[in-house]
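Q: Provided below for reference: sequence and predicted model.
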Amino acid sequence: MLTSVFSRWGLIAAGVLGLVALRRPHLSRDPMADFARSGFTQRLLSTPAGRLSVQEAGAGPPLVFLHGIGGGASGWVWNQVAPAFLAHFRVIVVDWVGWGQAEHPQRLLYFEDYTAALNALLDELAEPARIVTEGQAAGFAAQVARHRPQDIARLVMINPTGGRDFGEDVFPASFSRLEPLLRTQPLNRWLYQLVFHRSSFIRDFFVRQGFQEPTAVSRAIVEGSLVSARQPGAAFSALPFLTGELRFDLVPFLQDLQVPAVMLQGGQVPMYGRDGGAQLAAVNPAIPCWRIQGTKSVPQLERPGVTVALIQQALGFGAAAGPG
């Protein structure tokens, strides 16, 4: 939710900053209760980066779901997918440090913080885990897999990106005009609040870039992101991506990936580009790329049933073969 939509809102925000009184309208529901209804329990796990939030249920080999990075991101994005695996796995849904219900340190969070947190989780599991990721989390998991491939049994990457793949930034060149503001304390935190605390901004992202079918963007989906976006200190985790300090080239991580992996690409992903997805798929011929038709950047929310079926195939059960 960070391209032209942000540029438009960001420029408006910069002009009226200090004149707008921020209000946080009451949210009608607690989205994380969706996990509790499916039998998940929540705990916090200490890591060098801070405390992860872990939603956990089921028994069997560990299956970890990692959400991507962006305003309002959290493990809630897996709420319609993760419960489908409880019959076969110990399912673990993570909120990264700085996101969702995890600890929000009052400092900027960088690539090394995410890999340190994932390393701590794998240390605690003490057995090989299957990992399902989206977006930039694919890069964090792939980096960890470089150093401890024996601890990752399989990696499923949904719309993977580093934000600067093949040296091409996902943001337009005009976005660079905002970067000085985004690096200026405390102006950058106020700007984050003014933009990302708005339900209209979150909805605009899902309509323009998240969903193939705009009418499927429900109030529950918008509020699921707002709960994370409005956490105290949420700006510290979002700002490094906006300033470019957390954007990277995913290509090297895919080229030498040694663990079994599958890439799932939305049929139309305007932020990262369908051609970009095809390019990434060609980087490592050992990584098959399957399309999730009828979706954009959040197939797990738009077509959860199809997403579940493809993850099952990628993990080696369900239908016998992947899609063509």
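A: Received, thanks. The model shown is predicted, which means the values in this text are computed figures rather than measured ones.
Q: ranges for the strands of this structure?
A: 41-47, 50-58, 62-66, 90-95, 129-134, 152-158, 261-266, 289-292 (DSSP state E).
Q: okay, those in CSV with mean neighbour count next?
A: The way it works is simple: take the backbone N, C-alpha and C, and place the C-beta from them, glycine included. Shown next, in CSV, are the strands of the chain (neighbours: other Cβ atoms under 10 Å):
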stretch, mean neighbour count
strand 41-47, 15
strand 50-58, 21
strand 62-66, 24
strand 90-95, 26
strand 129-134, 26
strand 152-158, 24
strand 261-266, 25
strand 289-292, 20
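Q: quick one: which of the ones you listed is nearest Leu181?
A: strand 50-58 (26.1 Å; Cβ to Cβ).
Q: could you check the angle strand 62-66 makes with the closest one?
A: Counting by axes from the mean of the first three to the mean of the last three Cα atoms, to 10 degrees, strand 50-58 lies at 130 degrees to strand 62-66.
Q: How about Gln258: what's its closest non-neighbour residue?
A: Pro149 (4.6 Å; Cβ to Cβ, 6 or more residues apart in numbering).
Q: any idea of the pLDDT on the one you found?
A: Pro149 carries a pLDDT score of 97 in this model.
Q: could you measure it against Ala141, distance?
A: According to Cβ to Cβ, to the nearest Å, Pro149 stands 11 Å off from Ala141.
Q: now this protein, which segments are flagged as low pLDDT?
A: For the chain, the stretches flagged by pLDDT under 70 are 1-31, 174, 268-276, 318-324.
Q: Any idea how far apart the tips of stretch 183-201 sit?
A: Length of stretch 183-201, first residue to last, Cα to Cα, to the nearest Å: 21 Å.
Q: I should have written stretch 155-163 there, sorry.
A: 19 Å.
Q: to the chain's geometric centre, what's the distance from that stretch?
A: Distance of stretch 155-163 from its chain centroid, counting by Cα atoms, centre = their mean, to the nearest Å, is 9 Å.
Q: hang on, the earlier thing: ok, Pro149 and Ala141, which is more surrounded?
A: Each of Pro149 and Ala141 has its neighbours counted (other Cβ atoms under 10 Å); Ala141 has more, 28 against 15.
Q: and that one, what does it touch?
A: Leu66, Leu118, Ile131, Thr133, Ile152, Leu155, Met157 (Cβ atoms under 8 Å, 6 or more residues apart in numbering).
Q: Make TSV from those residues and add distance to Gly75 to it.
A: Putting those into TSV (distance: Cβ to Cβ, whole Å) gives the following:
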residue	distance to Gly75
Leu66	8
Leu118	13
Ile131	13
Thr133	12
Ile152	19
Leu155	17
Met157	16
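Q: Tell me which two of the residues you listed sit farthest apart.
A: Leu118 and Met157 (14.0 Å).
Q: mind checking how far the residue positioned nearest the centre of the chain is from Gln258?
A: By Cα atoms, centre = their mean, the chain has its centre lying nearest to Gly68, at 1.2 Å. Distance, Gly68 to Gln258, using Cβ to Cβ: 23 Å.
Q: what packs against the longest helix seen in the chain?
A: Using DSSP state H, we find that the single longest helix of the chain is helix 111-125. Packing contacts for helix 111-125, counted by 3 or more Cβ pairs under 8 Å, 6 or more residues apart in numbering; DSSP states H and E, involve strand 41-47, strand 50-58, strand 62-66, strand 90-95, helix 137-147.
Q: end to end, how far does stretch 241-258 reach?
A: First-to-last residue span, stretch 241-258, Cα to Cα: 27 Å.
Q: Can you pull out the residues in contact with it?
A: Looking at what lies outside stretch 241-258 - Cβ under 8 Å, 6+ apart - the contacts are 2, 6, 69-70, 108-111, 136, 138-139, 142-143, 145-146, 149, 155, 160-167, 169-171, 178-179, 182-183, 240, 280, 283-284, 286-287.
Q: and what of stretch 108-123?
A: Defining contact as Cβ under 8 Å, 6+ apart, one finds that stretch 108-123 is touched by 45-50, 52, 54, 64, 66, 92, 94, 96-98, 129, 137, 139-141, 143-144, 148, 151-152, 236-237, 239-240, 245-246, 248.
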